[in-house]
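In: Pasted the sequence and its predicted model underneath.
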Amino acid sequence: MTVPAIEVAGVGKRFRRYRERPTSLKERLIRFRVTADDFWALREVSLEVPEGSTLGLIGPNGSGKTTLLKIIAGILRPTEGSVRTSGRIAALLALGAGFHPELTGRENVYLNASILGLSRQQTDRLFDDIVGFAELEEFIDSQVKFYSSGMYVRLGFAVAVHVDPAILLVDEVLAVGDEGFQRKCLDKVRAFQREGRTIVFVTHAVHQVLQVCDRAVLLNRGTVQAQGDPGEVVRDFRLLMMKKDLAYGWDQGTKEIEIVNVEIFGADGASREHFRPGEAVVIQIDLKANTPVSDPIISFALHDQQNDFVFGTNNDWRGSRFPVFEGKHRVQFTLKSLPFVGGRYYVTVGVHARDASRVYHVHEQRYWFDVKLGAENPGAVWIPVEFRAEPL
Ligand SMILES: Nc1ncnc2c1ncn2[C@@H]1O[C@H](COP(=O)(O)OP(=O)(O)OP(=O)(O)O)[C@@H](O)[C@H]1O
Ligand SMILES: [Mg+2]
């Protein structure tokens, strides 16, 4: 049985936020008014990180990732809830955190290592490796205030990975180094994984989460919005970011025409979710007009698991129009032959005005189907192939 190396139970963190109230210039000249309110940067956050596993922590800016890492690291105290960790924690948090700007790189290495519980002799033994890893031999006796942001991160990461931590917390910093150093960091992360160390890894580079994490957690406005398989959580994150971008709402629209029902079925007319490459898929949409609408466009789109747009079309492009759309209609898009070799595909259906100025109704990626081939693994797309042989 695996023991959790980190256990976060019902953690909340309340901050006091000061802000200047918008007042008139005159009022401002008379008195400088500042108000404060409390807000929760984290609320009801519970998660476990099993020993030896790697957790990816993702979420929009300000969602509470850094705050959570600081609480796990013991730098911040939670307002409510509790955190339990086992083993030495090395945390590589915000840029340069933990470094003293007036001290040299060398002095900071010793200072940092001692904070992490290493003796002077232990640090002496590690010193050359740390500096070598950071590739900062030439600059190690300069004050770190003269370091570039990349140099800061290199030194911070080098210290963190050389102090033999059981738990490594990394906040967003890998993005700062150049490509060579990033690769070196990822190699180190992989080595740590093999050695059975526990890692929590905050990043906006979601491909890194897919590459290195066993599990992922999505934070949004201080709460856990999704957790589990990195692929699924990254998808949820991308959907969340997309929702923010949408001019219209999620499953919304002005509803002059409504999507009443959507079905996905095969050529045989039976509803299903699993298909093989080359098969036909029917996307059937039942629509109801609440008022007569002229020339609406009915469209569908497919996105893959990475939320990349794969294909889309509409009635107009297929040569069909509704001069006036009234009452109820059933429309079908028949994908005659699936070109995919595998994967899950998400279906968006929508009805909007021709110039897209009005969205009547959209179901954004509410439906999906899987494509799966047997044992063969033929590559990127499905090409129907005929094979022939004859004696010559
Ligand atoms: N010491 C503090 N005092 C007041 N508010 C704070 C403090 N630290 C963080 N916050 C606020 O808490 C919220 C969460 O911040 P946090 O830095 O944890 O977000 P984040 O997910 O790391 O964001 P980013 O992706 O931008 O790094 C933000 O609204 C931030 O302004
Ligand atoms: Mg942060």
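Out: The structure has been received and is ready for your questions. Since we're looking at a predicted model, the values are computed, not measured. Residues are numbered from 1 along each chain as shown. Ligands and ions are numbered 1, 2, ... in the order given.

In: ok now stretch 221-235, how far from the chain's centre?
Out: 7 Å (C-alpha atoms, centre = their mean, to the nearest Å).

In: what about it and ligand 2, any contact?
Out: No. Stretch 221-235 is not in contact with ligand 2 by C-beta under 5 Å from the ion; minimum separation 12.5 Å. The C-beta positions use only the backbone N, C-alpha and C, and glycine is treated the same way.

In: Could I have the CA atoms of that stretch written out in PDB?
Out: Extracted in PDB, the C-alpha atoms of stretch 221-235 (Å, rounded to 0.1, in the frame of the first residue of the first chain):
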ATOM      1  CA  ARG A 221     -10.700  30.300  -7.900                       C
ATOM      2  CA  GLY A 222      -9.100  28.500  -5.000                       C
ATOM      3  CA  THR A 223     -11.000  25.300  -5.200                       C
ATOM      4  CA  VAL A 224     -10.200  21.900  -6.800                       C
ATOM      5  CA  GLN A 225     -12.100  21.800 -10.000                       C
ATOM      6  CA  ALA A 226     -10.800  18.500 -11.300                       C
ATOM      7  CA  GLN A 227      -8.300  15.800 -10.300                       C
ATOM      8  CA  GLY A 228      -7.100  12.500 -11.700                       C
ATOM      9  CA  ASP A 229      -5.600  11.400 -15.000                       C
ATOM     10  CA  PRO A 230      -3.400  14.200 -16.400                       C
ATOM     11  CA  GLY A 231      -5.000  13.900 -19.900                       C
ATOM     12  CA  GLU A 232      -8.500  14.500 -18.500                       C
ATOM     13  CA  VAL A 233      -7.500  17.300 -16.200                       C
ATOM     14  CA  VAL A 234      -5.500  19.100 -18.900                       C
ATOM     15  CA  ARG A 235      -8.500  18.800 -21.100                       C
END
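
In: got the buried residues for that stretch?
Out: Across stretch 221-235, burial judged by 16 or more other C-beta atoms under 10 Å covers 222-227, 230, 233-235.

In: same deal with stretch 98-115?
Out: 98-99, 104-113.

In: Tell me the residues of the stretch 1-150 of the chain that contact ligand 1?
Out: Residues of the stretch 1-150 of the chain that fall close to ligand 1, judged by C-beta under 6 Å from any ligand atom: 15, 17, 41, 59, 61-67.

In: please redo it, this time with the cut-off set to 8 Å
Out: In this structure, the stretch 1-150 of the chain approaches ligand 1 at residues 13, 15-17, 39, 41-42, 59-70, 76, 94, judged by C-beta under 8 Å from any ligand atom.

In: Among the residues you listed, which are located in helices?
Out: Among those, the members falling in helices are 65-70 (criterion: DSSP state H).

In: Low-confidence bits of the chain, can you list those?
Out: 1-2, 18-36, 94-97, 174-175, 242-251, 375-378 (pLDDT under 70).

In: can I see the domain layout of it?
Out: Following the assignment in automatic domain parsing, the chain carries domains at 4-245, 257-371.

In: would TSV of those with distance to Trp382 be doable?
Out: Below are the domains of the chain laid out as TSV (distance: least, C-beta to C-beta, whole Å):
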stretch	distance to Trp382
domain 4-245	21
domain 257-371	4
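
In: Which stretch among these approaches Gly379 most closely?
Out: domain 257-371 (6.7 Å; C-beta to C-beta).

In: Just the endpoints, please. Distance across that closest one?
Out: Domain 257-371 has its terminal residues 31 Å apart, counting by C-alpha to C-alpha, to the nearest Å.

In: sorry, back to before: neighbour-wise, which one of the ones in helices among the residues of the stretch 1-150 of the chain next to ligand 1 leads?
Out: Leu68 (30 neighbours; other C-beta atoms under 10 Å).

In: for that residue, what are its contacts?
Out: Each residue near Leu68 by C-beta atoms under 8 Å, 6 or more residues apart in numbering is listed here: 8, 11, 42, 45, 57, 219.

In: Who are the contact partners of the first one?
Out: Contacts were defined as C-beta under 8 Å, 6+ apart; by that measure Val8 touches 45-48, 68, 71-72, 81-83.

In: Just the ones in strands from these, please.
Out: Under the assignment DSSP state E, these contribute 45-48, 81-83 to strands.

In: unless I'm mixing things up, Val362 is touching Val347, no?
Out: No. Judged on C-beta atoms under 8 Å, Val362 makes no contact with Val347 at a distance of 11.7 Å.

In: quick one: Arg344 and Phe133, what's the gap?
Out: As judged by C-beta to C-beta, to the nearest Å, Arg344 and Phe133 stand 40 Å apart.

In: neighbour count winner among these two?
Out: A count of neighbours by other C-beta under 10 Å puts Phe133 above the other of Arg344 and Phe133, at 20 against 17.

In: which one is that one nearest to, not counting chain neighbours?
Out: Ranked by C-beta to C-beta, 6 or more residues apart in numbering and with sequence neighbours excluded, the top spatial neighbour of Phe133 is Ala158, at 4.2 Å.

In: quick check, the one you found in a strand?
Out: No. Read with DSSP: H, G, I helix; E, B strand; the rest coil, Ala158 is helix and lies in no strand.

In: looking at it, it is touching Phe127, isn't it?
Out: No. Applying C-beta under 8 Å, one finds Ala158 not in contact with Phe127, separated by 10.3 Å.

In: Name the residue in the two with the higher neighbour count.
Out: Ala158 (27 against 16).

In: show me the contacts for Gly278.
Out: 337-338, 382, 384.

In: Looking at these, which one is closest to ligand 2?
Out: Leu338 (41.2 Å; C-beta to the ion).

In: how near is that closest one to Tyr345?
Out: 9 Å.

In: just to revisit the earlier point, redo the ones in strands among the contacts of Val8 as JSON lines? Include distance to Val260.
Out: Converted to JSON lines, the ones in strands among the contacts of Val8 look like this (distance: C-beta to C-beta, whole Å):
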{"residue": "Val45", "distance to Val260": "39"}
{"residue": "Ser46", "distance to Val260": "39"}
{"residue": "Leu47", "distance to Val260": "39"}
{"residue": "Glu48", "distance to Val260": "43"}
{"residue": "Gly81", "distance to Val260": "44"}
{"residue": "Ser82", "distance to Val260": "48"}
{"residue": "Val83", "distance to Val260": "48"}
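
In: Nothing else from me, thank you.
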